[in-house]
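**Q** Sequence and predicted structure are below.
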Amino acid sequence: MAAESVGRRDFLKVAAVGATALAGLRMVRGTDASEPTGSSPHQWAMVIDQSKCTGCGQCTLSCRAHNDVPPDISWNRVIEMDDEVGDKKVYVSRPCMHCEHAPCVEVCPVKASYYRPDGIVMMNYDRCIGCRYCEIACPYGGRAFNWKAFTEPNPAVPRWGHPEVPRRPRGVVEKCSFCYQRIDRGLALGLTPGVDDIATPACVVACPTGARVFGDLNDPESEVSRILDATPHYRMREDLGTNPRVYYLPARDEVES
Amino acid sequence: MSVLNRRISIAPVYIWIGFLGLLILVGIFGAAIVFSQGLVVTNLTDLVPWGLWITIDLSAIAMSAGAFLLCAAVYLLGLKQFQPVAKTATFIGLIGYSMAVMTLLLDIGRPDRFWHAVVFWNPHSVLWEVTMCVTLYLTVLVLETTPILGNASWFKSRWPKLSSHMSGLHRYAPYLAVVGLALSMLHQSSLGATYGVLKSRPIWYRPDLSVLFMISAMAGGISLTVLITMVVGRLSSKVKVNDHILERLSFFIGWVLVGYLYFRFWDAFSMTYTYQPGKTEGLSLLTKGPLAFNFWVGEILLGAVIPIVLLLVPRFRKNTTARMIALFFVVGGVVAYRWDVNLAGQLVLLTYLPQEISAIYTLYKPSLIEFAVGVGVIAYGAMAITLGARYLNIVDHSKVHEEVLETEPEPGLAGTD
């Protein structure tokens, strides 16, 4: 029988080849970034006050400029709602929700989407194969695919500045990163994200009405913690159990901005 | 080697091969455009990111299911009489899987990174598991089909030593059958689960999808194998086909379809009671929306009900033309099912806006390039099977085990002996 014809020597050969292959695999794979969520001292979150949002779109524009997002993609969408509160239009501004249980991270076949320890759902654009499974899995439409190469100058980028992150290549999925580059650099400089502008996501800084607040949920003194303690809030599609890190304060009639 | 000079007039075969070659060229041309310009040339969008090519991929995999089923029947259940059909099925499986790999390479945004799933593991992702299954099972299929090439007489006479090595692989067939059974079953059902685990598209979110993908693949895979065998048997006077074993397999397919329809009924019926936003809309897309014709006529009537009658009533089953029509319908029904599953979840999606969790309808119609490339991939499959039948004897029942010839099939003894 075939099984008996495999001698000990053959077995050792196969084992040696297998072990070498496995070691090689380890080397290529390197370290996987997905440390358990919560192992960082910080847990970033965003609060968006719909009473203050006027739908001006500065958040989206600044996002494009800082992250070099092409014109046909929005990491942050501003959607006009059908209903009004008082006589004011209501808007929903939608960045990536940075879910605690993110469907995109769960389904990505190559771990190109992963959790940072501080709760940010990150994309590894060098690893993404462009299968678009995450795009289908995201209940919030937070992801966009690069259907074509973006080679033109970005109209959203002003002449006096330049984007903070590299442009994504054709064929990968991209999304909002909570401006991780600003957070990381700010922390390295000893600044506090959410307090110091250069350590805070661009959309939060750019919002002319102060509708966006960013901060650390682990810090009870941070503005997000204080707002969430004191004010009624909701998150999108909480029924799905994704636990988004973006909180909304529903539009109220009495608020004057 | 005089396969070329058989009584089937040479012209039609060469016209057929030339025609397929032309379609393959068109496909290659389309693929070149896709690779150079990106997926922008498709009609896919961020709301409907999976389209025609994914349907072809899913269908090609489903049609390959005959390979593991018949190999399991022959080498694990000991139903030796089906061995010649298992050979055909294995070859079809290899071609089907290679078709799937082609469409996937086209469909992913970064085909240069196709190997990432093998290196960067996310065992929690169903799609990772699917990728691993494709890779590993394709390897199994290559090993399983190597003896077919090794046994081809022209190959034997040219490279006798290599040929005997390759034929020697056949003694591992039982082991390969076990591995193939595990990988392929996992793969077929995981393809359903790829959709079934997505909460974002309510019509998909149900465990039944993996079961239904599995059962429909069983019916479709064996149907295509039997159908191709019968077509080859009809067109070539050289090929010997044992209609008795084909008839018994068809009988088995009939019962698989009954089982499939049973599960399908309860799956669909229970959905009419959910009133869950998105799910109800998805179901009505199928039953009375843009997919309704596909669903009622393609999947249910032609894909299941009519073949059940044709394959289970002995009078029809014994009529080879009626049987071939039935098998063709089964194959079409499985393709329609894959198309409908893929689109039902994408044509309707749910808003995430507070207070208005309502359905949004999207549209998808494949672009010309998607069609061209899709047709090219299918033409490649047809070409491979044509050449396989002509030069590799993939259909050859001259050595059917004798025992099968003495027993008449009894109703109720579908696949046992």
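**A** Cool, the structure landed.
**Q** Now do the strands in chain B.
**A** Here chain B has its strands, by DSSP state E, at B:348-350, B:359-361.
**Q** Can you confirm whether the last one lies near chain A?
**A** No: contact of strand B:359-361 with chain A is not found when judged by C-beta under 8 Å from any C-beta of the partner chain; the minimum separation is 9.7 Å. In this view, the C-beta of every residue, glycine as well, is placed from N, C-alpha and C.
**Q** center of the chain - which residue?
**A** You didn't say which chain, so I picked chain A. Nearest to the mean C-alpha position of chain A, by C-alpha atoms, centre = their mean, lies A:Ser177 at 3.4 Å.
**Q** not quite, I wanted chain B
**A** Closest-to-mean residue, chain B, C-alpha atoms, centre = their mean: B:Met63 / 1.6 Å.
**Q** which residue sits closest to the residue of the stretch 151-257 of chain A found nearest chain B in space, ignoring its chain neighbours?
**A** Using C-beta to the nearest C-beta, A:Gly171 is the residue of the stretch 151-257 of chain A that sits closest to chain B, at 2.8 Å. Among residues not flanking A:Gly171 along the chain, B:Gly109 sits closest, at 2.8 Å (C-beta to C-beta, 6 or more residues apart in numbering or on different chains).
**Q** Same question for A:Thr242.
**A** Once flanking residues are discounted, A:Thr242 sits nearest to A:Cys99: 3.9 Å by C-beta to C-beta, 6+ apart.
**Q** Equivalent analysis for A:Ser74, please.
**A** Spatially, and ignoring its direct neighbours in sequence, A:Ser74 is nearest to A:Thr60 (5.6 Å; C-beta to C-beta, 6+ apart).
**Q** just B:Leu302 next, same as before
**A** B:Phe329 (4.6 Å).
**Q** Can you check the pLDDT for that neighbour?
**A** B:Phe329 carries a pLDDT score of 98 in this model.
**Q** how many other residues sit next to the nearest residue to B:His165 once chain neighbours are set aside?
**A** In space, and not counting its chain neighbours, B:His165 is closest to B:Gly150: 7.3 Å by C-beta to C-beta, 6+ apart. Applying other C-beta atoms under 10 Å in any protein chain shown, we find 20 residues neighbouring B:Gly150.
**Q** Likewise for B:Cys71?
**A** B:Cys71 has 28 nearby residues by other C-beta under 10 Å.
**Q** Then A:Val78?
**A** 17.
**Q** phi, psi of it?
**A** The phi/psi pair for A:Val78 (degrees, to the nearest 10) reads phi -110, psi 120.
**Q** isn't it right up against A:Tyr91?
**A** Yes: if you go by C-beta atoms under 8 Å, A:Val78 and A:Tyr91 touch, sitting 5.6 Å apart.
**Q** circling back to that earlier point, confirm that the residue of the stretch 151-257 of chain A closest to chain B sits in a helix.
**A** No: with DSSP: H, G, I helix; E, B strand; the rest coil as the criterion, A:Gly171 is coil rather than part of a helix.
**Q** Contacts only, for it.
**A** A:Gly130, A:Phe145, A:Asn146, B:Gly38, B:Leu39, B:Ile108, B:Gly109, B:Arg110 (C-beta atoms under 8 Å, 6 or more residues apart in numbering or on different chains).
**Q** and which of the residues you listed is nearest A:Asp83?
**A** A:Phe145 (31.4 Å; C-beta to C-beta).
**Q** In chain B, what residue comes closest to chain A?
**A** For chain B, C-beta to the nearest C-beta, closest residue to chain A: B:Gly109, 2.1 Å.
**Q** you'd agree that residue is up against A:Glu174?
**A** No: counting by C-beta under 8 Å, B:Gly109 does not reach A:Glu174; the two are 10.8 Å apart.
**Q** what residues are shared contacts of the two?
**A** A:Phe145, A:Asn146.
**Q** Can you give me the distance of the residue of the stretch 151-257 of chain A closest to chain B to B:Ala152?
**A** Here the criterion is C-beta to C-beta, to the nearest Å. By it, A:Gly171 lies 40 Å from B:Ala152.
**Q** ok, now B:Phe114?
**A** Distance of B:Phe114 to B:Ala152, given as C-beta to C-beta: 31 Å.
**Q** more neighbours, those two?
**A** B:Ala152 (20 against 16).
**Q** Kindly state the pLDDT recorded for the closest residue to A:Pro250 other than its chain neighbours?
**A** Counting by C-beta to C-beta, 6+ apart, A:Pro250 lies nearest to A:Gln50, which is 5.9 Å off, once chain neighbours are set aside. According to the prediction, A:Gln50 has pLDDT 95.
**Q** Just give the number of residues close to the closest residue to chain B within chain A.
**A** Per C-beta to the nearest C-beta, A:Gly130 is where chain A lies closest to chain B, at 2.1 Å. The local packing of A:Gly130 (other C-beta under 10 Å) involves 24 other residues.
**Q** tell me the phi and psi of residue 48?
**A** Picking chain A for this. Main-chain dihedrals, A:Ile48, degrees, to the nearest 10: phi -120, psi 120.
**Q** not what I meant, chain B
**A** Torsion angles, degrees, to the nearest 10, at B:Val48: phi -120, psi 80.
**Q** Make sure it is actually in contact with B:Val348.
**A** No: using C-beta under 8 Å, B:Val48 is not in contact with B:Val348, being 10.6 Å away.
**Q** more neighbours, the two?
**A** Neighbour count, other C-beta under 10 Å: between B:Val48 and B:Val348, B:Val348 has more, with 24 against 19.
**Q** still on that earlier bit, just the pLDDT for the residue of the stretch 151-257 of chain A closest to chain B.
**A** 96.
**Q** Kindly report the same for A:Val6.
**A** So A:Val6 comes in at 51 (pLDDT).
**Q** likewise B:Ile360?
**A** Value for B:Ile360, per-residue pLDDT: 86.
**Q** Once you drop chain neighbours, what's closest to it?
**A** B:Leu349 (5.5 Å).
**Q** what do you get for B:Val231?
**A** B:Met324 is the one closest to B:Val231 (C-beta to C-beta, 6+ apart), at 7.2 Å.
**Q** Can you name the residues that contact the one you found?
**A** B:Met324 neighbours (C-beta under 8 Å, 6+ apart): B:Leu227, B:Met230, B:Val231.
**Q** Same check on A:Ala144?
**A** By C-beta under 8 Å, 6+ apart, the residues touching A:Ala144 are A:Ile73, A:Ser74, A:Trp75, A:Glu135, A:Val173, A:Glu174, A:Lys175, B:Asp46.
**Q** Before I go, just wanted to say thanks for your time.
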